[in-house]
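>>> Here is my input, please return the structure:
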Amino acid sequence: MIDRYYRPNTLSEAIALLSDTAQPAIPLGGGAVVSKMRSFSGAVVDLQNLGLDYLLAEGEIIRLGASLRLQPMLLNDAISKELGDAVDHECSYNLRQQATIAGTLITADGRSPLGLSFLALNAQLTWQPDDALMAYADYLAGASKKGVLISEVRFQKPNHFVFETIGRAPYDRPVAQAALAAWADGAERLSIGGWGKAPLLAWSGPRPDNWRAIIQSKANISDQWAGGEYRSEAMISVVQSLFDRVQAEVL
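From the prediction side, this is the model:
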């Protein structure tokens with residue numbers, strides 16, 4: 001249970017509270033994550049007075065304050081329609097008013113459209129107190145945190161970004177989903193998901209000639225939502241659709 005509540009006015013105060021080993025404490029953004037932590041006992045540090053709810057477009061770099069809520073993010077002109085679709089699929093309107101970008105990403109599982117998309121975009125997390133950068137891919141892979149608090153999420157806009165999902169209903173949680181980011185030099189990052197604890201990076205770099213075999217091997221997973229054979233075949237169709245859409249944009 002939550003037994004203490006703090007609402008610091010500066011980042012340094014928040015870091016001090018979260019670094020205090022004498023009392024367990026976790027950051028509180030929108031509360032969407034904390035509300036699900038039934039077993040947690042300790043303090044929460046409310047971040048809403050720290051000004052971390054910004055979205056800045058600086059050339060090709062998009063910077064998102066950790067406390068930015070999903071609905072304002074969705075409506076910002078700096079966010080592409082495709083990325084906006086991923087935000088829209090992440091959760092309901094009411095939850096998008098509450099959930100923050102950092103909270104959503106650090107709790108993302110393999111069925112999270114937003115986690116999938118930010119993995120494809122090669123997002124970077126900024127940890128405090130040292131402004132230490134960490135690739136979101138490394139975080140998903142289980143790398144150790146580089147601080148006590150994420151202050152910012154950033155990514156470089158690709159030339160093309162496309163997202164697609166398959167579920168039992170149009171806005172149901174996906175059983176197969178993929179996101180593709182492509183750059184002018186021909187490099188791609190393809191992430192896939194719809195199962196498991198985290199989305200997977202299928203490849204980063206030039207598109208492999210044996211991409212169908214790669215997708216089939218990674219997506220052949222059976223669970224309560226889909227059989228492995230169906231999922232792998234559906235994923236190949238989804239990825240081919242992404243390739244076709246990027247090609248249509250190029251032409």
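>>> Tell me where the stretch 101-250 of the chain has strands.
Under the criterion DSSP state E, counting those that start in this stretch, the stretch 101-250 of the chain contains strands at 124-128, 132-135, 149-156, 160-167, 174-182, 188-193, 200-205.
>>> Out of those strands, indicate the one that is most buried.
Comparing these by mean neighbour count (mean count of other CB atoms under 10 Å), strand 174-182 ranks first with a mean of 27. Yep, even glycine has a C-beta here, placed from its N, CA and C like the rest.
>>> Quick check: residue 156 touching residue 122?
Yes: with contacts counted by CB atoms under 8 Å, residue 156 reaches residue 122, the gap being 7.3 Å.
>>> on that earlier part again, can you lay out the strands of the stretch 101-250 of the chain as CSV showing mean pLDDT and distance to residue 65?
Formatted as CSV, the entries for the strands of the stretch 101-250 of the chain read as follows, by pLDDT from 0 to 100; distance: least, CB to CB, whole Å:
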stretch, mean pLDDT, distance to residue 65
strand 124-128, 97, 10
strand 132-135, 98, 15
strand 149-156, 97, 6
strand 160-167, 95, 21
strand 174-182, 96, 22
strand 188-193, 97, 23
strand 200-205, 97, 25
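>>> Could you point out which of those strands sits nearest residue 29?
Proximity to residue 29 (CB to CB) singles out strand 149-156 among these, at 9.4 Å.
>>> Partner strands of that closest one, with direction?
Each strand pairing with strand 149-156, determined using DSSP bridges, is listed with its direction: strand 61-65 (antiparallel), strand 124-128 (antiparallel).
>>> between these, which gets nearest to residue 25?
Of all the strands paired with strand 149-156, it is strand 124-128 that lies closest to residue 25, at 14.1 Å by CB to CB.
>>> centre of the chain versus the closest one, how much separation?
When C-alpha coordinates are averaged (CA atoms, centre = their mean, to the nearest Å), strand 124-128 and its chain have centres 14 Å apart.
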